[in-house]
Each structure stands twice: as C-alpha cells, then as structure tokens.
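> Structure here, sequence nowhere to be found:
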C-alpha cells in the first residue's frame, strides 16, 4: 500500500495520523512509499527526513500531464471537463448540503446559473474541483504503474468532500481530508466581501476615476481579447464585426488597458473607459441581494456558496454601474470560460439591455467551462450550437453565422504572396506552416514545454536536411516563446532562420500574436496544427482551402475532428506527419485527399462566404436600432431574429424556450 499527500506539511501529517489511528505505523510493513504532490518548506527540512528514518522512502510524486490518460487514450485533463465535472456538478446540486443551503433568492435572474457554474469553476492550478479530480486520477495512474490496488490519499479539506470520497473509491483510494495551510489567507476573497474596500483598492491604479459625459447614444460594450486594431487589414482585431459592417463607431465603448490604447481609440473616435470601480448613484442596481441559508452541518459548503455570491454581487454592481453611466444596451463578449459573464448579463439587463456572446474557438466536444448564459449567441454552425446545448447553456437565440474571421483571406493575399516570393528566392519550393499553442512551465499541470518544443524541433531539422523546404511559424505567445523553447532549440531556430527559408511572426497585441493563422497559411502548401484538441487555427486554414493536418499527441478521441481521415489529415505524432507531408510533396500532383476536410467542413461552417463578420455586425446594428426606437429588449431580439431568418434562412436561427 502507498500513501499520498496532496500537500505534505506538519499539520497535514499530524491530522492524517490522527484520522487514520496511526495507520502509517501499524501498517508500515505494507507501506512501500509515502508520496506527496507538493510540500511545505518545513516538511523538506524536518518531516521528510524523519519519515525517511522511521518509516522508509518518502518521495515527491513525479508525473507529467501528457502521461495521464485513461484506458481509452483520452487525456484525463480533457476528460475532466468533458465528463467528470458535469457529473460532480450534478451530484453537488443533488446533495443534502446544497439543498439545505439553497435560498429562494437564487431563483431570480441568473443567480442559480452563476452558482451552479461557480461550484465547478477554476482550473487545476487553483484549489478547485478539477484539481481534486485530476490529483485522484494522477494517484490512480501511479498506482497502476506500481501495480498497487489500494492506497490512502490525504487531500486538502474542501466543500462536498464526501463526493470526492465516493469518486476515489472506484479507483481503490481511501480519501482522508486534512486542513489547508493555516497561514494561507484568501485576501481577494476577503476584500470582495466588502464592496467599498474593493472599490478603493481597485481604483489605486487609476487617477480620479469618475463619470465622463460621453454622448447619450445607445452603446455596445465590447469585451475583446486586446487586439486593438481599427484598420481592416485582415490582422486580428476585436473590431472585426464593426470593420465589416455598417455599425457606427459612435455606438461602441470598451475598456482601455494602457494610455497608448486610449490615445489610439480616441484618435479613431471610439469611447473608452478605464477599469476603475465606480458606484453610480444610489439605486442604480436594484435587486434583492441573494442569501445562503445556514446549516451548522455544512459549514464548508456554506462558506463556498457565500463566497460565490459575494463575487456575484460585486460583479453585478460593478458592471451595472459602468453600463448605467455609459448607456450600454448590449454587452458583447467572447469570454464564456467562467461564471462572471452571467453576473454581467444580469447587470446589463438591469439597464434594460441584452447580452450577446460570440464564438471565437472551435469546441469539438462538450466542455463544462463553455456553459453560456446569454440572450444571444453567435455560433459557427449548428454543430457548435449543439455543443453549447450539451454544455447546459441557456441561450434565447443561437444565431448561426459561420467562422467570424473568414473575411481576412482577400485582404492578406498580397502580403502572404510577398513572403512566399521571398522564401522562394532563398530556395524554398515547398513551405509548411506550423501552428503551436501556449505552454505552462510546470508540466504536471500543463502538457508542458516539451510538447511545444516538438512543434519546432522536428520540422526545423527537416528544413536543414531538405534544401528546398521552408517553414513558417506563428506562435500563439511570442513574448515567452524563446524562454519556453530552451537554448538548444532557440539556436536551431536561429540557424534555420539564417537560411532565409524560415519565418516567424512576432508582432503581438495585448496578449497574443496579431497575425491570423490564414496569413501564414496563404504563404504555405500545407498547415500542421500540433494540437487536435485545440483545432481552431487548423479550421481557419481549412476554410481558406489550404491543406491542414492535425496531430493528436494529447489524446482527444471524442473530438469532432477525429472524424477526419487518419493518415491524410489526423496523425498521432510529428514523425508520421512529416513523413506523410514529404510523401505528398514528392508525389506528382500530390497525394489525393491529403489535408482535405471536405467530409465535415459543411458541418463546421455552413456559409463559407466571407460574410460571417458582416452578419454579426449587422445583427448588432439591428439591436442598437431597436433601442434607438425605444423598443423593449424582447421585441428587439424577436425582430432581429426574424430579419436574420428572412435574409439567411430559417435554419440559421435557433430559438430556445427558457
């Protein structure tokens, strides 16, 4: 039998001994090793040496996320959000604790949805349900590796602990809770309990945050990704929908995040505000504050739910204030990956307004993070709308628009052609575009730098080997790329760049590279995306009629993209993908069907006409026109949907009865 600690500390060890009646000592002949995921500094200098002396081996549990796969080859990190969290959420909602603490005030607005998403929110880097489930799966993986059938795991205390106990049983793990670090303090949670304190702290970074008298036009508040670009040049822009429609600049407002952004927006006549916290006049946000019923039996669960509601109240008040001050009638956002957008949706509704979300990433399977609560959702396709539905989203009107950045190709052809000519002048006859993703520094909680390094090392070596081959890279995050690649691959990259047959896009917006994937694709003969589970960039290339390959190294067998033909589109590793590409290049006329997405492309985008951005912008224009006419939001949404249906087809509007 092995023993596992989520975090080995003096208090977790003492409490663990107490709760197991000294099981460590009584069963020491059966114990092979005590493992820990993390440990305190005191454990390193005191507890671990003592345990090594009296009991035996104590060691850190070594694992990599990329190795933690289930029996079907699915990366557990993917499966957790596809399956496990939905099940945990259902069990929480049906638990005695939840039912005893539930208050009738939760039934109003989006409060219940905010809570239900909140109980499974946060990623594995935080103390969260996904982290607990992930650690239990890591322990199970390690048990199988060591051929151990039973183990004891000491896990930090958390709400609904009995649910994780039952989850652990099916893996042969006896779960015991231990106290969290007594010295850790959730300052953010504490401050958010008191809105006035939070307001003052948040305003420290802003000079004299105050109401500004902008025009009184009804406005769309744009919650973008930080791509502040107002030239319709095909590069990434948060204003893609505005640049490709008749929507007026005067009807847009957004937050600026630097003085340079503000100056740029002012120059183009777009109103922007800082992110300071300003309460509007008394009564701007009139609603009954939700409460949690109290039960001494469920103190941890009560604390958790109270914390979620504190965040809801603060978010709703913050956004309600901002919307009231600036006559915001539509909140337009892409970010659906936590529960905050639900509170913001209630805040814009307090101003008689509408929430509209737009799809920015392709989801090949249902994902608990992707649950949406929105009046309107713009989706790529009916398939994407069905994924929203499977994630328990609550949407009044799901509008099918096609891929929103499909307008860019004609704008980028000349620029892409110039790069192609330059690389050809240096000997490149065939060019591969390589798409990567970001990576984390700790490969226990992310697939890690090693996986990203493969996206560069294999193809760079092949370019050095083959004098007529070229490569283009478009990193997702160039700011940290060289640090993540490491010195050896960095030197290799510079060596290949010196041949003139390698190019890397480096210009960035607030967060990510501003060059879209299609720009690099238009210079290339084949695109390779090293991550099937995140296939948006490959989809963009395929929609641009460039052969696009996917490499499923992580393990996402339930993705829609796995319906694409294996061996001609989908590959398991880089060597097999490169071999197939070279065979394609060396075959006169190319290999038939190579990189061809035609078998499913209609399901992923039913339009493919370059007008998705126009459709979104025109739809938002219809909403603002309705507000300008003094109509009620429900009438405005109905009219906009009818107009869209007449122009683009009945099957492009999905109306839900909520």
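In hand now; what should we look at? The model shown is predicted, which means the values in this text are computed figures rather than measured ones.
> Show me where the stretch 551-658 of the chain has its helices.
574-586, 601-604, 612-628, 633-648 (DSSP state H, counting those that start in this stretch).
> Turn those into JSON lines, columns for distance to residue 63.
For every residue, glycine as well, the C-beta is placed using N, CA and C. Formatted as JSON lines, those follow (distance: least, Cβ to Cβ, whole Å):
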{"stretch": "helix 574-586", "distance to residue 63": "23"}
{"stretch": "helix 601-604", "distance to residue 63": "35"}
{"stretch": "helix 612-628", "distance to residue 63": "42"}
{"stretch": "helix 633-648", "distance to residue 63": "49"}
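> next SSE after whichever helix or strand residue 471 is part of?
In the assignment (DSSP states H and E), residue 471 maps to strand 469-474. Counting by DSSP H and E, the element after strand 469-474 in chain order, helix or strand, is helix 481-485.
> Determine which of the helices of the stretch 551-658 of the chain approaches residue 655 most closely.
For residue 655, the closest of these is helix 633-648, at 6.7 Å, according to Cβ to Cβ.
> So what touches the closest one?
Helix 633-648 is contacted from outside by 349, 352-354, 375-376, 396-397, 399-400, 615, 619, 622-623, 626-627, 631, 652-653, 655, using Cβ atoms under 8 Å, 6 or more residues apart in numbering.
> Check which strands are paired with the strand holding residue 471 and give the direction for each one.
Using DSSP bridges, strand 469-474 pairs in its sheet with strand 430-435 (parallel), strand 502-504 (parallel).
> any weak-confidence spans in the stretch 1-150 of the chain?
21-31 (pLDDT under 70).
> For the residue lying closest to residue 510 once chain neighbours are set aside, grab the count of nearby residues.
Residue nearest to residue 510 in three dimensions, not counting chain neighbours: residue 226, with 2.7 Å by Cβ to Cβ, 6 or more residues apart in numbering. Counted by other Cβ atoms under 10 Å, the residues lying close to residue 226 total 16.
> before we move on, the earlier item: now the angle from the strand holding residue 471 to helix 574-586?
130 degrees (axes from the mean of the first three to the mean of the last three Cα atoms, to 10 degrees).
> now strand 469-474: how far from the chain's centre is it?
Relative to the centre of its chain, strand 469-474 is centred 27 Å away, using Cα atoms, centre = their mean, to the nearest Å.
> which residue is nearest the middle of this protein?
By Cα atoms, centre = their mean, the chain has its centre lying nearest to residue 337, at 5.6 Å.
> Could you say which helix or strand holds that residue?
Counting by DSSP H and E, residue 337 is found in no helix or strand.
> Next one: it, what pLDDT does it get?
Residue 337 is assigned 93 on the pLDDT scale.
> got the contact list for the closest residue in space to it that isn't next to it in sequence?
Leaving out its chain neighbours, the residue that sits closest to residue 337 by Cβ to Cβ, 6+ apart is residue 369, at 4.7 Å. Taking Cβ under 8 Å, 6+ apart, we find residue 369 in contact with 81, 336, 337, 338.
> A helix includes residue 369, no?
Yes. According to DSSP: H, G, I helix; E, B strand; the rest coil, residue 369 belongs to a helix.
> The residue nearest to residue 510 reaches residue 513, doesn't it?
No. Using Cβ atoms under 8 Å, residue 226 is not in contact with residue 513; the gap is 11.7 Å.
> Closest one of the contacts of residue 369 to residue 173?
Among the contacts of residue 369, and counting by Cβ to Cβ, the member closest to residue 173 is residue 81, at 21.2 Å.
> Let me see the ranges of the strands in the stretch 351-500 of the chain.
Taking DSSP state E, counting those that start in this stretch as the test, the strands found in the stretch 351-500 of the chain are 354-358, 373-379, 394-400, 430-435, 469-474.
> circling back: among the contacts of residue 369, the buried ones, what's the ChimeraX command?
Buried residues among the contacts of residue 369 (16 or more other Cβ atoms under 10 Å), as a ChimeraX selection:
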select :81,336,337,338
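> Redo the contacts of residue 369 as TSV? Include distance to residue 108.
Putting the contacts of residue 369 into TSV (distance: Cβ to Cβ, whole Å) gives the following:
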residue	distance to residue 108
81	29
336	22
337	24
338	21
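> so how far is stretch 486-504 from its chain's centroid?
Worked out by Cα atoms, centre = their mean, stretch 486-504 lies 30 Å from the chain centre.
> Show me which positions of it end up buried.
Quick answer for stretch 486-504 (16+ other Cβ under 10 Å): 486, 489, 492, 493, 496, 497, 499, 501, 502, 503, 504.
> end-to-end on it?
Length of stretch 486-504, first residue to last, Cα to Cα, to the nearest Å: 16 Å.
> now do stretch 333-353
14 Å.
> Over to stretch 103-115?
First-to-last distance for stretch 103-115 - Cα to Cα - comes to 12 Å.
> just stretch 476-495 next, same as before
For stretch 476-495, the first-to-last residue distance is 22 Å (Cα to Cα).
> With stretch 142-152 instead?
13 Å.
> Okay, now the unreliable bits of the stretch 201-350 of the chain?
In the stretch 201-350 of the chain (pLDDT under 70), the answer is 201-215, 276-285.
> That one: helices as residue ranges?
Counting by DSSP H, counting those that start in this stretch, the helices of the stretch 201-350 of the chain are 240-243, 259-267, 299-326, 340-350.
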